[in-house]
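Asks: pasted the sequence and its predicted model underneath.
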Amino acid sequence: MDKTILITGASRGIGAACALLAARRGYTVCVNYRDNDAAANAVVQVIEAAGGHAFAVAADVAEEDDVARLFAAVDARCGRLDALVNNAGILARQSRVEHMDAARINRILATNVTGSFLCAREAVRRMSTKHGGNGGAIVNLSSRAAVLGSANEYVDYAASKAAVDALTIGLSKEVAQEGIRVNGVRPGLIDTDMHASGGEPGRIQRLQSSVPMARGGTAEEVAAAVLWLLSDEASYATGTFIDVSGGR
Ligand code: NAP
């Protein structure tokens, strides 16, 4: 039976690129998304047209009941879970901290931090040898923002990604003797729709001259790092990070 991977936020951008590459590597892929049915179904169709296996499940990772339903759908469909990519993430319009209200900050934290925790919890319950599982691997999508801070843009988002890094380090140690590796990828400026949701679709063009490699990156370049960390080639890597940021 194929290995099974669950990728949150896989209808677009980096998550979709991870889904396509994972399918090529032989995984059956659960394509999670929140709103965009058409985009998620399109990812499934591309995978199936190439002879792979995938299915889409709508669920908001910030909602505990949705997360339970998402993992139950994987159980029912596949009966196993080998890999989780905590990729679903959001940011809000560019703003200085002095203009942020609690509703905005909590919305970012609920998806990026609580969502990653809830999905990691469900994955550990299934993968841990302590719970009768066969082990597995988790990759959390952080950001170079966790280190750089995103001043004048979205410090709340950067803080949420720093929390994701702490989750990666702490959880990796908790489950290191239970067959589960937990690692992070910190992308830099990647060409996806996310920048438009921050209010600046052309953000990469504005900032690319400040990147040592003088360009933005692609979702496929990030997916390659994610799939390597999930693979057996990374069998001694846990609690660590790959920055995919052109040197930024
Ligand atoms: P994106 O193009 O905006 O896509 C976001 C994806 O997440 C969509 O599939 C969306 O589904 C899904 N999603 C959003 N909220 C969700 C929720 N609550 N529950 C389930 N799914 C949800 O984003 P991206 O640029 O590919 O970013 C992917 C990850 O990489 C994020 O964690 C982001 O922070 C990180 N990252 C991105 C960059 C970059 O430059 N793009 C840089 C560093 C880190 P729907 O469309 O159905 O809502």
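Replies: Noted; the coordinates are in hand.
Asks: would you map the helices across the chain?
Replies: Assigned by DSSP state H, the helices in the chain fall at 13-24, 37-49, 64-78, 102-109, 115-127, 145-148, 155-174, 194-197, 203-207, 219-230.
Asks: establish whether the longest strand anywhere in the chain and the ligand are in contact.
Replies: In the chain, with assignment by DSSP state E, the single longest strand is strand 180-187. Yes. Against the ligand, strand 180-187 shows contacts by Cβ under 6 Å from any ligand atom at Pro187. Placement of C-beta: from N, CA and C, glycine included.
Asks: which helices and strands sit right next to that strand?
Replies: With contacts taken as 3 or more Cβ pairs under 8 Å, 6 or more residues apart in numbering; DSSP states H and E, strand 180-187 sits against helix 115-127, strand 136-141, helix 155-174, helix 219-230, strand 241-244.
Asks: swap in 10 Å and give it another go.
Replies: Strand 180-187 is packed against helix 13-24, strand 83-86, helix 115-127, strand 136-141, helix 145-148, helix 155-174, helix 219-230, strand 241-244, with contacts defined by 3 or more Cβ pairs under 10 Å, 6 or more residues apart in numbering; DSSP states H and E.
Asks: tell me what angle it forms with helix 155-174.
Replies: 150 degrees (axes from the mean of the first three to the mean of the last three Cα atoms, to 10 degrees).
Asks: direction included, what does strand 180-187 pair against?
Replies: Pairing partners of strand 180-187, with direction, according to DSSP bridges: strand 136-141 (parallel), strand 241-244 (parallel).
Asks: now do the contacts for the most centrally placed residue in the chain.
Replies: What sits nearest the mean C-alpha location of the chain, by Cα atoms, centre = their mean, is Asn87, with 1.4 Å. If a contact means Cβ atoms under 10 Å, 6 or more residues apart in numbering, then Asn87 has 6-10, 13-19, 32, 61, 116, 119, 139-141, 185, 222-223, 226 as its contacts.
Asks: out of the strands paired with strand 180-187, nearest to Thr192?
Replies: strand 136-141 (11.4 Å; Cβ to Cβ).
Asks: those residues of this structure touching the ligand, which are they?
Replies: Contact residues, the chain versus the ligand (Cβ under 6 Å from any ligand atom): 8-9, 11-15, 32-36, 39, 60-62, 87-90, 111, 115, 141, 143, 187, 189-190, 192-194, 197.
Asks: which among those count as buried?
Replies: When those are checked for burial by 16 or more other Cβ atoms under 10 Å, the buried set is 8-9, 11-15, 32-34, 39, 60-62, 87-90, 111, 115, 141, 143, 187, 189-190, 192, 194.
Asks: and the gap between Ala49 and Ala42?
Replies: 10 Å (Cβ to Cβ, to the nearest Å).
Asks: settle it for me: which of the two has more neighbours?
Replies: Ala42 (16 against 8; other Cβ atoms under 10 Å).
Asks: show me the contacts for that one.
Replies: Applying Cβ under 10 Å, 6+ apart, we find Ala42 in contact with 11-12, 16, 31, 36, 56.
Asks: what do you get for Val147?
Replies: 158, 161-162, 165, 186, 241, 243, 245, 248.
Asks: then Lys3?
Replies: Neighbours of Lys3 in contact, by Cβ under 10 Å, 6+ apart: 22, 25-29, 78, 80-83, 134, 136, 230.
Asks: so where's the chain shaky on pLDDT?
Replies: Within the chain, no stretch has pLDDT under 70.
Asks: what residue of it is the furthest out?
Replies: Computed with Cα atoms, centre = their mean, the most peripheral residue in the chain is Glu98, at 28.7 Å.
Asks: what's across from Tyr33 in the sheet?
Replies: Assigned bridge partners for Tyr33, using DSSP bridges, are Ala58.
Asks: redo the contacts of Val147 as CSV? Include neighbour count.
Replies: As requested, the contacts of Val147 are exported to CSV (neighbours: other Cβ atoms under 10 Å):
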residue, neighbour count
Ala158, 22
Lys161, 27
Ala162, 17
Asp165, 17
Arg186, 24
Phe241, 19
Asp243, 17
Ser245, 23
Arg248, 20
